[in-house]
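>>> what follows is a predicted structure for the sequence shown.
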Amino acid sequence: MLSKQEIEEIRNKIVQEVNPQKIYIFGSYAREDAAEESDIDLLVIMDSTLNPHQRNLKIKKLFPRRRFSLDAFVYTPEEALKYKEIPGTILHNAVSQGKLIYG
């Protein structure tokens, strides 16, 4: 399980490297019931011309030697506006149930 300091370091690295508008943490870390084997779920909203898969990989590649499992979901601001109100989408769940950790 990651400490709050480690999560802050992850956030800071993403902010430094890709200058996102917002970062949300969601899932077990947002609920504060993460177990040792829990992954960290992040929603990153940033400007990008890359396709969704390439955006997600860009975030994961910031942590090549990580000792944690990372699920990164990266949306452009336009996509965020379009999908955040649609129940059942990752974006809606992250925004409504997660915690804003940057932006």
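That came in fine, so what should we check first?
>>> give the helix, strand or coil label for the residue most central in space within the chain.
Closest residue to the average C-alpha location of the chain: Leu42 at 1.8 Å, with CA atoms, centre = their mean. Here Leu42 is strand, with the state taken from DSSP: H, G, I helix; E, B strand; the rest coil.
>>> I figured Asn56 was touching Leu62, is that so?
No - contact criterion CB atoms under 8 Å: Asn56 and Leu62 do not qualify, at 11.3 Å. Yep, even glycine has a C-beta here, placed from its N, CA and C like the rest.
>>> these two: which has the busier surroundings?
Of the pair Asn56 and Leu62, Asn56 is the one with more neighbours under other CB atoms under 10 Å, namely 19 against 16.
>>> same question for the helix or strand where the more buried one lies, mean pLDDT?
Taking DSSP states H and E as the criterion, Asn56 maps to helix 52-60. Helix 52-60 carries an average pLDDT of 97.
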